[in-house]
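> Here is my input, please return the structure:
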Amino acid sequence: MKVYIESMGCDSNIADSNKVKKFLKENGIEIISDYKKAEFIILMTCGFNQIILKDNINRLKELKKTGAKIILGGCIPKIEPKFCKLADYNFNPRGFEKLNEIFNLNKDIEKISPEFKREKKKIIRIATGCDGRCTYCVIRIANGRTKSRSIKDIVNDIKEGIEEGYSNFIFTSEDNGSWGQDINSNISNLINEVISIKENFKVALTTFNPQWFIKYPELYDLFKSEKIDKKIYLSLQSGSNRILKLMQRDYSVEGYIEIFNRLKKEIPEIKIQVDVLVGFPTETEEDFQKTFNLIKKLDIYFLQVFAYTDMKNTSAEKLKPKVSFEVAKKRAQKIINFFLEKHKEEKRNLVHTNLKIQ
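This next block holds a predicted model:
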């Protein structure tokens with residue numbers, strides 16, 4: 001049996017794809033690199049916004065032409081279940097055991113570590129799901145609330161990586177800060193355990209919602225550890241408190257600025273990525289200007305900008321009046337143009353956008 005696996009999502013999705021790959025290989029199933037020769041194709045999908053969703057569905061339709069059995073994984077089976085009819089089988093991020101049924105196996109897939117290697121780094125998935133309440137986000141629909149892996153399993157993944165020669169690790173999940181909320185623990189406890197490992201290595205903690213620095217102020221000191229990489233993704237989304245409230249983000253603009261400035265003051269070498277979502281329903285020109293003005297003031301190292309698109313079954317979908325996508329694109333482009341012009345002499349990056357850069 002020949003199986004081809006393709007991931008179209010984030011690092012967490014890629015880690016899940018690798019988990020599937022290892023599980024099948026351990027059970028005698030051949031994984032191949034040419035989808036045209038596959039008997040089964042597993043497509044691990046992402047439906048983060050309408051543009052990404054469309055790209056994923058187009059790829060699904062293209063792969064279907066091969067005649068192979070199509071297995072649809074990742075987020076789309078939960079976000080847009082109607083597209084499951086295009087596949088022969090499907091499973092969601094909480095349903096890996098479905099692979100036993102598809103491939104006539106009876107093995108424990110949960111014992112497989114969701115991780116993968118990229119260049120000289122090992123990426124480790126520490127949790128699935130998110131405890132956020134963001135009104136625009138479908139990832140919670142796809143992944144559910146936070147399901148944390150144990151400290152023991154995560155530490156073992158690091159130690160195995162060190163034995164393999166790795167000294168750089170990246171933790172990935174929908175929101176690293178929510179780790180532990182379901183197992184009577186918290187992200188501070190995990191970091192403490194990790195930095196107590198004796199070997200020399202660094203861990204990048206990447207994605208954090210700002211509220212975890214409010215809930216766990218000890219994080220500021222933990223981030224000073226030599227074993228913690230000095231990069232962090234700190235989503236802003238909007239510089240308007242009115243919009244943040246409609247988004248159900250659990251912080252204010254003033255609170256975000258305080259967190260950002262404290263990180264920069266106490267850890268001068270830190271490089272902060274800021275994520276922004278513009279064109280959210282009811283966003284006025286005044287709301288946008290507040291976001292733009294804040295972007296101009298913050299010492300941002302990496303920037304990620306998205307123009308809002310409605311996603312089904314989210315609360316934001318029901319909000320009116322809508323901001324046209326054309327207006328949202330213009331607002332996003334204004335931020336992008338400013339950032340690229342301001343930092344054209346430096347190695348600061350626009351990380352991602354759902355726009356074509358003009």
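
> Report the contact partners of residue 35.
4, 6, 41, 63, 66, 68 (CB atoms under 8 Å, 6 or more residues apart in numbering). From N, CA and C alone the C-beta is placed, and that goes for glycine too.

> 10 Å - rerun?
2, 3, 4, 5, 6, 41, 43, 62, 63, 66, 68 (CB atoms under 10 Å, 6 or more residues apart in numbering).

> Which residue, neighbours along the chain excluded, lies closest to the third one?
The one in question is residue 4. In this structure, residue 4 finds its nearest non-sequential neighbour in residue 38, 3.7 Å apart by CB to CB, 6 or more residues apart in numbering.

> quick one: contacts for the one you found?
Contacts of residue 38 (CB under 10 Å, 6+ apart): 1-6, 30-32, 63, 66-70.

> Just give the closest residue to residue 103, not the sequence neighbours.
Leaving aside its sequence neighbours, residue 103 sits nearest to residue 29 (CB to CB, 6+ apart; 6.5 Å).

> scratch that, residue 5
Leaving aside its sequence neighbours, residue 5 sits nearest to residue 42 (CB to CB, 6+ apart; 4.6 Å).

> Now do the phi/psi pair for the residue nearest to residue 252 when sequence neighbours are not counted.
Counting by CB to CB, 6+ apart, residue 252 lies nearest to residue 241, which is 5.5 Å off, once chain neighbours are set aside. Per-residue torsions, residue 241: phi -60, psi -30 (degrees, to the nearest 10).

> Next, format the contacts of residue 35 as a markdown table and append distance to residue 115 and secondary structure.
Output for these, formatted as a markdown table (distance: CB to CB, whole Å; DSSP: H, G, I helix; E, B strand; the rest coil):
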| residue | distance to residue 115 | secondary structure |
| --- | --- | --- |
| 2 | 24 | strand |
| 3 | 19 | strand |
| 4 | 20 | strand |
| 5 | 15 | strand |
| 6 | 18 | strand |
| 41 | 23 | strand |
| 43 | 20 | strand |
| 62 | 28 | helix |
| 63 | 25 | helix |
| 66 | 29 | coil |
| 68 | 27 | coil |
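
> In PyMOL, select just the buried ones from those.
To isolate the buried members of those in PyMOL, using 16 or more other CB atoms under 10 Å:
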select buried, resi 3+4+5+6+41+43+63+68
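
> Quickly check the contacts of residue 35 for the two that are furthest apart.
2 and 62 (18.5 Å; CB to CB).

> thinking again about what came up before, might one say that the residue nearest to residue 103 is in contact with residue 21?
Yes - between residue 29 and residue 21 there is a contact at 9.4 Å, judged by CB atoms under 10 Å.

> Return the distance of the longest strand seen in the chain from the chain's centre.
Of all segments of type strand in the chain, defined using DSSP state E, the longest is strand 271-278. Strand 271-278 has its C-alpha centroid displaced from the chain centroid by 13 Å (CA atoms, centre = their mean, to the nearest Å).

> what about it, average pLDDT?
Average pLDDT, strand 271-278: 96.

> buried set for it?
Residues of strand 271-278 classed as buried: 272, 273, 274, 275, 276, 277, 278 (neighbour count, 16+ other CB under 10 Å).

> same thing with stretch 124-139?
Buried residues in stretch 124-139 (16+ other CB under 10 Å): 124-132, 134-139.

> right, and residue 302 touches residue 274 too?
Yes - in this structure, residue 302 is within contact of residue 274 by CB under 10 Å, at 7.4 Å.

> which outside residues touch the helix or strand in which residue 265 is found?
For residue 265, the host element (DSSP states H and E) is helix 253-266. Residues from elsewhere that reach helix 253-266 (CB under 10 Å, 6+ apart): 208, 210-214, 217, 219-221, 223-224, 230, 232, 234-244, 249, 251-252, 270-272, 274, 290-291, 294, 297-300.
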